[in-house]
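> structure for the following, please:
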Amino acid sequence: MIQFIDTNKESLIAAKLSGKLNEENLKTIHKQIHRIIDKGHKVDFYFEMEDFEGYTIEGFWEDIKTDVAHIKDYGKIAFVGNEKWQEWAAKATDFFTSSEVKYFDLKDKEQSKIWISK
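Residues are numbered from 1 along each chain as shown. I've put the predicted structure just below:
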């Protein structure tokens, strides 16, 4: 499930993720990406992961397609979670992109919000 978080930063997609993301969830994010890049901005992401289990197969495939199409359109990415695999996913994302990627523990959520908003 995805629950978008309102922010004051026009180029930021912020969301709380829980359960498993499916294809429909990823298509919703893809629309948000286009809304931002159509205004000439790079896209920043803030993903707060609590009880997040990953993706359905279809959701994972949709995420890959979106990332391949827009990888150069991404700016900063903040992953906020409490699982070791989430930290590793952030490191993998950092390796495969030119974006500035950081992982924060849930207890450091406020620090992550400051970092992504700059």
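> which one's the longest strand in the protein?
strand 43-55 (DSSP state E).
> list the buried residues for that strand?
By 16 or more other Cβ atoms under 10 Å, the buried positions in strand 43-55 come out as Val43, Asp44, Phe45, Tyr46, Phe47, Glu48, Met49, Phe52, Tyr55. (C-beta placed from N, C-alpha, C; glycine too.)
> spit out the contact partners of the first one.
Contacts of Val43 were listed using Cβ atoms under 8 Å, 6 or more residues apart in numbering, and they are Ser11, Leu12, Ile13, Gln32, Ile33, Ile36, Ile37, His70, Asp73, Tyr74, Gly75.
> filter those residues to the buried ones?
Ser11, Leu12, Ile13, Gln32, Ile33, Ile36, Ile37, His70, Tyr74, Gly75.
> among the residues you listed, which pair sits farthest apart?
Of all pairs drawn from those, the greatest distance, 15.0 Å, lies between Leu12 and His70 (Cβ to Cβ).
> for the helix or strand containing Gln3, what is the distance to the chain centroid?
Element membership for Gln3, per DSSP states H and E: strand 2-4. Strand 2-4 sits 11 Å away from the centroid of its parent chain (Cα atoms, centre = their mean, to the nearest Å).
> least confident of the buried ones among the contacts of Val43?
Among the buried ones among the contacts of Val43, His70 has the lowest pLDDT, at 93.
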